[in-house]
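Chemist: based on what follows, work out the 3D shape:
(chains A and B)
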Amino acid sequence: MEEYLNKGIKEIISKFPQVADILNEYNIGCAPCSVGSCLLRDIVEIHNLSVEDEQALMAKIAKVIYPDRDVKTPAIKRKPKAKPQEIKYSPPMKKLVDEHVLIKRWVALIPEVVDNMAMESEQGRHLIQEGVDFIRFYADKYHHAKEEEILFKYFDENLDILKTMHQEHEKARSHVKAMLEALDKRDKKAVAEHLIAYRELLTEHIKKEDEILYPWMDRNLSITQIGQLFSKFNKIDEQFADAPKRHEEFVNMLEKNLNRKELRK
Amino acid sequence: MMEFEGCPGSKMFDFRDKDPQEETSAAKVKSQLRQWPIQLHLISPDAPYYQGADVLLVADCVAYALGSFHTDYLKGKSIAIACPKLDEGQNIYVEKIKSWLEDAKINTLTVLIMQVPCCMGLLNLAQQATQSSKRKVPIKSVVVSLQGEILSEEWA
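Modeler: Residues are numbered from 1 along each chain as shown, chains lettered A, B, ... in the order given. As a prediction, the model looks like this:
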């Protein structure tokens, strides 16, 4: 079993597809991950399951890998103060989670925006441009910059989970680039495709960060580092001044107008 | 009718039946205290050891109840102690905590209190100071049981 603890999850799932279902049972959503290089050992540690759940999970996986013999499953090293039932973020991490709330509000509106997209009118194109600007400036420059330029630097950036997060940020940027090109060409279909793809990507990405990455980071950061992060995030907020507020107003306006169906042509 | 048991903060308990914990020789447990004075009325918030520091604000009784106080909490930090039940001049305490935030630009504040209700007053003083301060820092509250267990440790 020790051998498989040190293998990448994608390799394990491709050899033993039932492992994906077992992980799903414990809300470990590794199956759709395109990278899948996280080691099984790290995945079990980072999800911070209760001791009972961890033993049950490992026993089920062992049964799939070695169906004909009883295998002793080693316990995974864990941090002592695990509280899996309720996530309580440190203040800097709470800031990032709160920023996710606004991004999720915009992402939730995307299907309706796509349904009502009026590429032929100046007003319709302006709305899409504002939506793309929200992604570029709020979600990427303001929020992802806090992660990439500050938070991730406190950890080994060669960790698979951080590589995955970086790759997902890059993928989001490539969708934005494609959206802008399509907007220039007034290619409604391509804008819609990239908006929907962005929505799917960000929905999963935010879930991973809120439920797995940030709690794990909180468990591993010292109180001194938490204070430093809080102070550095505050400096970023000062630099961006009222820009985040303007993006929030855009989402408020969109929610209000879509509810009133004013954007329907 | 429920019997009146008095203030939980001064109610008597006898822990002598408790099994003695494994003892470590006193000589081996080094003090982690890096400053003097420590009482909140006596300290100056401008003292160099508070500048940019991770600061502990500790209720007087905590260090007696919590066996691992020096190694688990005091190590690497600056400190002030106070009793929110008995101390006078607590408006001065609020001003000093505010000065930590604004002038000494402390990095974090950890408030360690006992589980008795009156001890919550110390956390309230810290929150009062934070609310009136232009500068904020992460505040953590740690509640210690009468027998030295950590009952909770969370961001305030």
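Chemist: can you list the residues of chain B near chain A?
Modeler: For chain B, the residues in contact with chain A (CB under 8 Å from any CB of the partner chain) are B:54, B:76, B:106-108, B:110, B:136-138, B:140, B:153-155. For the C-beta atoms, the positions are set from N, CA and C on the backbone; glycine is no exception.
Chemist: excluding covalently adjacent residues, which one is nearest to A:L221?
Modeler: Once flanking residues are discounted, A:L221 sits nearest to A:Y154: 6.4 Å by CB to CB, 6 or more residues apart in numbering or on different chains.
Chemist: that neighbour is in contact with A:D218, isn't it?
Modeler: No. Contact criterion CB atoms under 8 Å: A:Y154 and A:D218 do not qualify, at 11.3 Å.
Chemist: so how far is chain A from the residue nearest the centre of chain B?
Modeler: By CA atoms, centre = their mean, chain B has its centre lying nearest to B:V58, at 1.3 Å. Using CB to the nearest CB, to the nearest Å, B:V58 is found at 15 Å from chain A.
Chemist: just checking: what are the partner strands of whichever strand or helix holds that residue?
Modeler: Secondary structure assigned from DSSP states H and E places B:V58 in strand B:54-59. Strand B:54-59 has its sheet partners listed here by DSSP bridges as strand B:78-82 (parallel), strand B:108-114 (parallel).
Chemist: most packed of these?
Modeler: The highest mean neighbour count among the strands paired with strand B:54-59, using mean count of other CB atoms under 10 Å in any protein chain shown, belongs to strand B:108-114: a mean of 25.
Chemist: same for the lowest-mean-pLDDT helix or strand in chain A, what does it pack against?
Modeler: When the helices and strands of chain A are scored by mean pLDDT, DSSP states H and E, helix A:40-47 comes last with a mean of 77. Helix A:40-47 is packed against helix A:2-5, helix A:9-15, helix A:51-65, helix A:160-184, with contacts defined by 3 or more CB pairs under 8 Å, 6 or more residues apart in numbering or on different chains; DSSP states H and E.
Chemist: buried ones in the first one, by neighbour count?
Modeler: Read that as helix A:2-5. A:Y4, A:L5 (16 or more other CB atoms under 10 Å in any protein chain shown).
Chemist: what about the residue of the stretch 151-265 of chain A found nearest chain B, how many residues close to it?
Modeler: Ranking the residues of the stretch 151-265 of chain A by distance to chain B (CB to the nearest CB) places A:G227 first, at 3.4 Å. Residues within reach of A:G227, counting by other CB atoms under 10 Å in any protein chain shown, total 25.
Chemist: pLDDT wise, what is it at?
Modeler: Per-residue pLDDT puts A:G227 at 98.
Chemist: hang on, it packs against B:R135?
Modeler: No. Between A:G227 and B:R135 there is no contact under CB under 8 Å: 11.9 Å.
Chemist: hang on, A:K88 in a strand?
Modeler: No. Using DSSP: H, G, I helix; E, B strand; the rest coil, the assignment for A:K88 is coil, not a strand.
Chemist: for the residue lying closest to it once chain neighbours are set aside, which residues are in contact?
Modeler: Nearest residue to A:K88, sequence neighbours excluded (CB to CB, 6+ apart): B:E154, at 5.7 Å. Going by CB atoms under 8 Å, 6 or more residues apart in numbering or on different chains, B:E154 touches A:K88, B:K140, B:S141.
Chemist: identify the residues contacting the strand holding B:V58?
Modeler: A:223-224, A:227, B:40, B:73-74, B:76-84, B:97, B:100, B:106-114, B:119, B:122, B:126.
Chemist: distance from the chain centre to it, please.
Modeler: 5 Å (CA atoms, centre = their mean, to the nearest Å).
Chemist: average model confidence for that strand?
Modeler: pLDDT averaged over strand B:54-59 gives 98.
Chemist: so which bits of that strand are buried?
Modeler: For strand B:54-59, by 16+ other CB under 10 Å, it's B:D54, B:V55, B:L56, B:L57, B:V58, B:A59.
Chemist: and which of those residues is nearest to chain A?
Modeler: B:D54 (5.4 Å).
Chemist: okay, and the beta partners of that closest one?
Modeler: B:T108.
Chemist: can you tell me which residues contact A:G36?
Modeler: A:G8, A:I9, A:K10, A:E11, A:I13, A:C30.
Chemist: so which strand or helix has it?
Modeler: With DSSP H and E as criterion, A:G36 is part of no helix or strand.
Chemist: picking that back up, closest to B:A65 out of the strands paired with strand B:54-59?
Modeler: strand B:108-114 (6.5 Å; CB to CB).
Chemist: with just CA atoms, put that closest one into CSV.
Modeler: This file holds the C-alpha atoms of strand B:108-114, laid out as CSV (Å, rounded to 0.1, in the frame of the first residue of the first chain):
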residue,chain,number,x,y,z
THR,B,108,-1.1,40.0,15.9
LEU,B,109,-2.9,40.0,19.3
THR,B,110,-3.7,36.7,21.1
VAL,B,111,-6.0,37.1,24.1
LEU,B,112,-5.7,34.2,26.6
ILE,B,113,-8.5,34.0,29.1
MET,B,114,-9.9,31.5,31.6
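Chemist: off-centre distance for that strand?
Modeler: Distance of strand B:108-114 from its chain centroid, counting by CA atoms, centre = their mean, is 5 Å.
Chemist: can you confirm A:P111 is in a strand?
Modeler: No. Counting by three-state DSSP, A:P111 is not part of a strand but helix.
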